[in-house]
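Trainee: A predicted structure for the sequence below; I have some questions about it.
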Amino acid sequence: MKHVSVLLHETVDLLNVKPDGIYVDGTLGRGGHAGLLISKLTTGHLYAFDKDEQAIAESRENLKDSLDKVTFIHNDFRYMQEELSRYGVEHVDGVMMDLGVSSPQFDDPKRGFSYRYDARLDMRMDQEQSKDAWQVVNTYPYQDLVRILREYGEERYAVQIARAIEHRRQEGPIDTTFQLVDVIRSALPEKELHKKGHPAKQTFQALRIEVNDELDSLERGLREACGLLDLHGRCAVITFHSLEDRLVKTTFKDLSSAPFVAPKIPLKADQMEQASFLLVNKKPVMADEQELAENHRSHSAKLRVIERIRGV
């Protein structure tokens with residue numbers, strides 16, 4: 001299946017790309033957003049991060065005509081500042097992040113991200129890390145499974161599913177995605193099995209987030225990205241589920257709010273510390289009707305953008 005970048009033009013347009021600017025793509029994927037941004041550069045440069053070596057290899061091919069304008073970095077974007085310092089980069093003009101799992105990752109049966117294909121439980125974005133979904137499902141204590149399903153999957157039947165996993169693995173390990181789906185189905189009431197949507201969706205989301213430490217990575221990555229921004233530099237982030245969007249919204253609101261000053265403290269307006277960032281869009285940008293019709297993945301996408309206005 002061909003990968004179609006979500007909110008492609010909206011994201012790059014809102015970065016206000018300068019031809020000679022320095023930019024970061026925190027989630028390179030197959031290079032869709034990167035390719036459009038690079039097309040707007042003359043003497044500028046893009047530093048592209050991804051935890052998935054396969055994604056970097058494919059993007060290197062997709063961007064082969066612009067390799068002089070891009071540096072590929074195989075690492076989590078939470079280490080953005082450390083990695084860029086190796087190249088002497090202390091400030092950038094913009095950062096973009098397209099969060100979650102890419103369509104090619106979902107559509108590769110061997111990666112174990114999808115409940116639509118039977119494969120070994122894996123779900124690692126970085127194939128070099130040791131922790132995978134098999135380890136989580138087969139070794140995590142019952143209480144940890146409940147916590148993960150509740151916090152990361154917002155699964156209302158977390159207790160029942162965790163208990164079913166615990167019982168099933170007493171017979172032997174749960175090795176594959178389809179085996180896990182069967183366990184999940186066995187834990188749910190009949191009425192839930194007939195509702196719209198796959199019954200394993202939230203559990204698979206929760207496991208994927210745990211395996212890849214996605215929310216902790218995002219929280220640190222957002223701070224790293226905004227800390228790198230030069231004056232009038234922007235950070236654009238696309239989210240795909242409520243946990244991501246809530247974290248981005250909260251972080252951006254915090255960064256764009258002036259420090260609290262008690263009303264009793266006698267300060268003039270020009271003496272009060274101002275916020276260093278400004279929300280570019282108070283409400284998230286979402287896909288238009290055409291994109292919704294052409295790209296199913298865009299239905300849950302939300303784009304939020306923040307700009308540094310002082311404090312460099």
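Mentor: Yep, it's here. Because the structure is a prediction, the values reported are computed rather than measured.
Trainee: wait, what's in contact with M286?
Mentor: Contacts for M286 (C-beta atoms under 8 Å, 6 or more residues apart in numbering) come out as L7, A301, K302, L303. For every residue, glycine as well, the C-beta is placed using N, CA and C.
Trainee: and it, what pLDDT?
Mentor: Looking at M286, its pLDDT stands at 97.
Trainee: which is the next helix or strand following the lowest-mean-pLDDT helix or strand in the chain?
Mentor: When the helices and strands of the chain are scored by mean pLDDT, DSSP states H and E, helix 103-107 comes last with a mean of 83. Counting by DSSP states H and E, the next helix or strand C-terminal to helix 103-107 is helix 133-139.
Trainee: which elements pack onto whichever helix or strand comes after that following helix?
Mentor: Per DSSP H and E, the first helix or strand lying C-terminal to helix 133-139 is helix 142-153. Contacts defined by 3 or more C-beta pairs under 8 Å, 6 or more residues apart in numbering; DSSP states H and E place helix 142-153 against helix 133-139, helix 158-168, helix 201-212.
Trainee: I'd like those as a markdown table, with mean pLDDT and mean neighbour count appended.
Mentor: As requested, these are arranged in a markdown table below (pLDDT from 0 to 100; neighbours: other C-beta atoms under 10 Å):
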| stretch | mean pLDDT | mean neighbour count |
| --- | --- | --- |
| helix 133-139 | 98 | 18 |
| helix 158-168 | 98 | 19 |
| helix 201-212 | 97 | 23 |
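Trainee: so which of those helices gets nearest E224?
Mentor: With C-beta to C-beta as the criterion, E224 lies closest to helix 201-212 of these, at 17.0 Å.
Trainee: alpha carbons only: can I get that closest one in CSV?
Mentor: Output in CSV follows, covering the C-alpha atoms of helix 201-212 (Å, rounded to 0.1, in the frame of the first residue of the first chain):
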residue,chain,number,x,y,z
LYS,A,201,-7.8,-1.9,18.6
GLN,A,202,-7.3,-0.3,22.0
THR,A,203,-5.3,-3.2,23.4
PHE,A,204,-2.9,-3.1,20.4
GLN,A,205,-2.6,0.7,20.8
ALA,A,206,-1.7,0.3,24.5
LEU,A,207,0.9,-2.4,23.8
ARG,A,208,2.5,-0.4,21.0
ILE,A,209,2.8,2.7,23.2
GLU,A,210,4.3,0.7,26.0
VAL,A,211,6.8,-1.1,23.7
ASN,A,212,8.0,2.1,22.2
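Trainee: tell me the gap between it and the middle of its chain.
Mentor: Here helix 201-212 shows a centroid-to-chain-centroid distance of 13 Å under the convention C-alpha atoms, centre = their mean, to the nearest Å.
Trainee: give me the helices and strands touching that helix, please.
Mentor: By 3+ C-beta pairs under 8 Å, 6+ apart, helix 201-212 packs against helix 133-139, helix 142-153, helix 177-187.
Trainee: can you list those helices in JSON lines and add distance to A164?
Mentor: Listed next are the helices and strands packed on helix 201-212 as JSON lines, based on distance: least, C-beta to C-beta, whole Å:
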{"stretch": "helix 133-139", "distance to A164": "11"}
{"stretch": "helix 142-153", "distance to A164": "10"}
{"stretch": "helix 177-187", "distance to A164": "4"}
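Trainee: right, so of those, which gets closest to F72?
Mentor: helix 133-139 (26.5 Å).
Trainee: which elements pack onto that closest one?
Mentor: Applying 3+ C-beta pairs under 8 Å, 6+ apart, one finds that helix 133-139 contacts helix 142-153, helix 201-212.
Trainee: can you pull out the low-pLDDT segments for the stretch 151-300 of the chain?
Mentor: For the stretch 151-300 of the chain, the stretches flagged by pLDDT under 70 are 259-273.
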